[in-house]
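> build me a model from this:
(2 chains)
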Amino acid sequence: MTPSGSLLHAGGLYKAYGATPALDGAEFSIHPGEVVAVLGPSGSGKSTLLHCLAGIIQPDRGTVRYGDHDLTAMTDAERSALRRGDFGFVFQFGQLVPELTCLENVALPMRLAGTARKAAEAHAREWLERLEVDPVAGRRPGEVSGGQGQRVAVARALATRPRVIFADEPTGALDSLNGERVMGLLTEAARATRAAVVLVTHETRVAAYSDREVVVRDGKVREAVTTG
Amino acid sequence: MSIGHTLLGLLESGPRHGYDLKRAFDEHFGHDRPLHYGQVYSTMSRLLKNGLVEVDGVEAGAGPERKRYAITDAGVTDVGQWLSRPEKPEPYLQSTLYTKVVLALMTGRDAAELLDTQRAEHLRLMRGLTERKRQGDLADQLICDHALFHLEADLRWLELTAARLDGLAQTVHG
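Have a look, this model is predicted:
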């Protein structure tokens, strides 16, 4: 079990690339419905932390617990299944499948989980409406603006009702106005569904959409010092 | 912010009583810091003395007399000049923070922690502004954006300073 009601908890994470440790005793916890910003300079280990928490890479030492699961003790196939069912992802560049329409992109995770096409696409359309991009449902990613594409990616991440959303620089490729729109819609939708959001960003205005922040430095996670 | 010029600008649309001026000021510009009545009346006295406003009428009542002010031609010119003059970019917090960081390094305290604490304080304020933007109208959004961009500039300086602490420590310790 995770400690004290947290949904996801990592303890003593150590991960090195060659001789250089990216994480060196990192600790992290997040509760349901909480948005936590992960800040830190380039190369501090922010993305490595996110990838370890999401089970995308295995730490060399330490544990990642999600509910009753110990991600570090699971097989690759088990972690993949968990990611498909319980986790959602938004990256800097939406990583939409270019050959599929926006609607098909949002429906894709549901189709992979076995949902029938009609039901998956109806649900996908609801999320496109919620993210205010339903007018581009029939277009391919190459035919929409960066801001629209990123909102489609957010719709795809949220459509499966994940319990944890991992967002790695989700506004990094957008201008201020589109970035704020994406963050507003992402955090609003996540809070409405009680999903936790791990938000890696170097932009403090983006971090201001979080409930709290942690700073990764020298491979360790520091909680914010609050002065009340 | 120049309160005098702001009150003059508010008078350009027509004469107002001191009370109306305060209300208009608070509605448009005083979200965080409403104007005191005393400030309004002392400012209007100064503007009157400088010929930038004139008394347009006086209402006698049970309480003190209520003067209605109107902007003069000289006042309109003054507002125009103020609006067309760029503001001097201010160093905001950097000088104070720089002093604190250097003093922390000089006295062997944890300068990185000082910067972390300041970041948390900035972010606390930015969260409040972000929430106000989310719930507010376009005017709220624009006012909050201005504050957010300035706070963000402080934080960018802070991150850069954090990245340069080792070098700064060497310089400080000679």
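
> every contact and neighbour count from this point should use C-alpha atoms.
Fine.

> poorly predicted segments of the chain, please.
Went with chain A since none was named. A:1-3, A:94, A:225-228 (pLDDT under 70).

> right idea, wrong chain: chain B
B:1, B:31, B:61-65, B:87-95, B:174.

> residue numbers of it in contact with chain A?
B:116-117, B:120-121, B:123-124, B:126-127, B:130, B:134, B:148-149, B:152, B:155, B:159, B:163 (CA under 8 Å from any CA of the partner chain).

> quick one: buried ones out of these?
B:116-117, B:120-121, B:123-124, B:126-127, B:130, B:148, B:152, B:155, B:159 (16 or more other CA atoms under 10 Å in any protein chain shown).

> give me the domain ranges for chain B.
B:3-84, B:94-173 (automatic domain parsing).

> closest to A:Arg140 out of these?
Nearest to A:Arg140, of all the domains of chain B, is domain B:94-173, at 30.7 Å by CA to CA.

> all strands for chain A, in order.
Ranges of strands within chain A are A:8-17, A:20-30, A:35-39, A:61-66, A:69-70, A:87-90, A:164-168, A:196-200, A:212-217, A:220-223, based on DSSP state E.

> ok, now chain B?
Using DSSP E, the strands of chain B run over residues B:16-17, B:53-59, B:66-71.

> so which of these gets nearest B:His36?
The closest of these to B:His36 is strand B:16-17. By CA to CA, the value is 14.5 Å.

> what's that closest one packed up against?
With contacts taken as 3 or more CA pairs under 8 Å, 6 or more residues apart in numbering or on different chains; DSSP states H and E, strand B:16-17 sits against strand B:66-71.

> partners of the strand it packs on, with directions?
Here strand B:66-71 is paired, per DSSP bridges, with strand B:16-17 (antiparallel), strand B:53-59 (antiparallel).

> tell me which of these is the most buried.
Across these, averaging neighbours per residue (mean count of other CA atoms under 10 Å in any protein chain shown) puts strand B:16-17 on top, at a mean of 20.

> returning to that earlier point: dump the strands of chain B to CSV, plus distance to B:Tyr98.
Below are the strands of chain B laid out as CSV (distance: least, CA to CA, whole Å):
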stretch, distance to B:Tyr98
strand B:16-17, 45
strand B:53-59, 43
strand B:66-71, 44
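
> show me the one of these that comes nearest A:Leu100.
The nearest among the strands of chain B, by CA to CA, is strand B:16-17 at 62.5 Å.

> can you name the residues that contact whatever residue of chain B ends up closest to chain A?
Nearest residue of chain B to chain A: B:Arg127, at 4.7 Å (CA to the nearest CA). The contact partners of B:Arg127, by CA atoms under 8 Å, 6 or more residues apart in numbering or on different chains, come to A:208-210.

> just give the nearest non-adjacent residue to A:Arg79, would you?
Excluding its sequence neighbours, the residue lying closest to A:Arg79 (CA to CA, 6 or more residues apart in numbering or on different chains) is A:Gly55, at 6.2 Å.

> just give the nearest non-adjacent residue to A:Asp70, would you?
That would be A:Val64: by CA to CA, 6+ apart, it lies 5.9 Å from A:Asp70.

> nearest residue to the middle of chain A?
A:Phe166 (1.3 Å; CA atoms, centre = their mean).

> distance check, A:Ser6 against A:Val214.
From A:Ser6 across to A:Val214, the span is 16 Å (CA to CA, to the nearest Å).

> quick revisit: angles on the backbone of the residue nearest to A:Arg79, please.
With angles defined as degrees, to the nearest 10, A:Gly55 sits at phi 70, psi 20.

> count the neighbours of the closest residue to A:Leu8 other than its chain neighbours for me.
Once flanking residues are discounted, A:Leu8 sits nearest to A:Tyr66: 4.5 Å by CA to CA, 6+ apart. Neighbourhood size, A:Tyr66 [other CA atoms under 10 Å in any protein chain shown]: 22.

> and A:Tyr66, what are its bridge partners?
Going by DSSP bridges, A:Tyr66 forms beta bridges with A:Leu8, A:His69.

> contacts only, for residue 53.
All of this is about chain A. With CA under 8 Å, 6+ apart, A:Leu53 has these contacts: A:8, A:10, A:64.

> let me rephrase: I mean chain B.
Here B:Val53 is in contact with B:8, B:44, B:47, B:69-72, B:75 (criterion: CA under 8 Å, 6+ apart).

> same question, B:His5
B:His5 sits next to B:78-79, B:82 when contact means CA under 8 Å, 6+ apart.

> quick revisit: surely the residue nearest to the centre of chain A meets A:Gln92?
No - with contact defined as CA atoms under 8 Å, A:Phe166 does not reach A:Gln92; the gap is 11.3 Å.

> buried residues in the longest helix along chain A?
Under DSSP state H, the helix in chain A containing the largest number of residues is helix A:176-192. For helix A:176-192, the neighbour count (16+ other CA under 10 Å) marks A:178-180, A:182-187, A:189-191 as buried.

> so which of the residues you listed reach chain B?
Filtering these for proximity to chain B by CA under 8 Å from any CA leaves A:Gly184.

> out of the buried residues of helix A:176-192, which is nearest to chain B?
Nearest to chain B among the buried residues of helix A:176-192, counting by CA to the nearest CA, is A:Gly184 at 7.8 Å.

> against A:Pro141, how distant is the closest one?
Going from A:Gly184 to A:Pro141 by CA to CA gives 22 Å.
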